[in-house]
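*Asks:* Sequence first, predicted model second:
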Amino acid sequence: MVRRPRLAVFKFASCDGCQLSLLDAEDELLELCDRVDIAHFAEASSDLQSGPYDVALVEGSITTDEDAARILRVRRDSHFLITIGACATAGGIQALRAWGDLDEWVASVYPRPEFIQTLATSTAIAEHVHVDFELHGCPINHHQLIDVLIAVTEGRRPNVPSHSVCLDCKRRGNVCHVVTRSIACLGPITNSGCGAICPTYNRGCYGCYGPSQPANTSSLLKRFQEFGQRADQLVPLLRSFNAAAPAFRHASDQLAILKD
Ligand code: SF4
Ligand code: SF4
């Protein structure tokens, strides 16, 4: 009998939304269970088996010393490691701490801040260990996740599109909000994956699938400024779920200099 690959799912600093996307796959989940043994998935089962694992999904960012040590063990135990979601691939919304006063925030949230031990930064998993594949989104698209897992079990390269949101927007027949309404939409510099939900429902994209490759942020932001968007409006647009992704971070830091 052919051995089925062993799948593990790990959580670091995150809201669990990307793990829930896997459970949310419902019909496809049954097919996936025929292909893999789910050996470790604390969100779904208390049967937590030890490694080694053939495939590991990692959600969440590294925000504590314990995280930094645990991701090394996860990497050691995993043959193919896939990071899922904005936290794991870019540090997540918690990476906003890089631009704020961490002590002040901790004090404003916790009644006993002296018990909180956290790193000054929230970092992507790839800043700590080698990552074999990154799947973007906040949360990820579960159809893309299932495609990636099936591809890995079949030993082929995952077929996740690399174009920007704009192409999906055009395929849906949307009229461009940037061109016709002077709305700041990050679609031209954002990864595909959502099917262009926001422009379809009459608002600009705010980049939850992270920067596309390449992302010509400077030209797009220049265009936004030409139609009256100020730096203090554009900085928060870039600093959301993927604030610490290099293309968004660099562009928002440049704008922040103008704002100040
Ligand atoms: S509305 Fe946004 S996503 Fe759609 S084509 Fe225009 S810039 Fe691109
Ligand atoms: S913010 Fe952009 S990437 Fe996120 S769902 Fe909306 S259109 Fe899609």
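*Replies:* Looks like it arrived, so ask away. Please read all numbers here as calculations on a predicted model, not as lab measurements. Ligands and ions are numbered 1, 2, ... in the order given.
*Asks:* The chain: strands as residue ranges?
*Replies:* Assigned by DSSP state E, the strands in the chain fall at 6-11, 37-41, 53-59, 78-84, 133-135.
*Asks:* Which one of those lies nearest to ligand 1?
*Replies:* strand 133-135 (20.3 Å; Cβ to the nearest ligand atom). For the C-beta atoms, the positions are set from N, CA and C on the backbone; glycine is no exception.
*Asks:* Tell me which residues touch the spatially most central residue of the chain, please.
*Replies:* By Cα atoms, centre = their mean, the chain has its centre lying nearest to residue 86, at 1.7 Å. Contacts for residue 86 (Cβ atoms under 8 Å, 6 or more residues apart in numbering) come out as 92, 93, 136, 137, 138, 208, 210, 241, 242.
*Asks:* give the contact list for the first one.
*Replies:* By Cβ under 8 Å, 6+ apart, the contact set of residue 92 is 13, 14, 60, 61, 85, 86, 122, 138, 241.
*Asks:* What's the local residue count around the fifth one?
*Replies:* Think residue 85. For residue 85, the neighbour count with other Cβ atoms under 10 Å is 31.
*Asks:* how close does the residue in the chain that ligand 1 sits nearest to sit to ligand 2?
*Replies:* Ligand 1 sits closest to residue 187 of the chain, with a gap of 2.2 Å, by Cβ to the nearest ligand atom. The gap separating residue 187 from ligand 2 is 6 Å, by Cβ to the nearest ligand atom, to the nearest Å.
*Asks:* which residues does that residue contact?
*Replies:* Counted by Cβ under 8 Å, 6+ apart, residue 187 has contacts 164, 165, 166, 169, 178, 196, 199, 204, 205.
*Asks:* now swap in residue 139 and tell me
*Replies:* Applying Cβ under 8 Å, 6+ apart to residue 139 gives the contacts 17, 18, 20, 21, 85.
*Asks:* Just list the residues touching the closest residue to the fourth one other than its chain neighbours, thanks.
*Replies:* Leaving aside its sequence neighbours, residue 21 sits nearest to residue 142 (Cβ to Cβ, 6 or more residues apart in numbering; 4.3 Å). In this structure, residue 142 makes contact with 21, 22, 24, 25, 28, judged by Cβ under 8 Å, 6+ apart.
*Asks:* now these: which count as buried?
*Replies:* 21, 22, 25, 28 (16 or more other Cβ atoms under 10 Å).
*Asks:* C-alpha coordinates for stretch 153-169, CSV please?
*Replies:* In CSV, the C-alpha atoms belonging to stretch 153-169 read as follows (Å, rounded to 0.1, in the frame of the first residue of the first chain):
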residue,chain,number,x,y,z
THR,A,153,1.1,15.6,-3.0
GLU,A,154,1.4,15.0,-6.7
GLY,A,155,5.0,16.2,-6.8
ARG,A,156,4.3,19.1,-9.2
ARG,A,157,4.7,22.9,-8.9
PRO,A,158,1.6,24.7,-7.4
ASN,A,159,-0.3,26.6,-10.1
VAL,A,160,-1.1,29.8,-8.2
PRO,A,161,-1.5,32.8,-10.5
SER,A,162,1.0,35.7,-10.1
HIS,A,163,-0.9,38.5,-11.8
SER,A,164,-2.4,41.5,-10.0
VAL,A,165,-6.0,42.0,-8.9
CYS,A,166,-6.6,44.3,-11.9
LEU,A,167,-6.7,41.3,-14.4
ASP,A,168,-9.4,39.6,-12.4
CYS,A,169,-11.2,42.9,-12.1
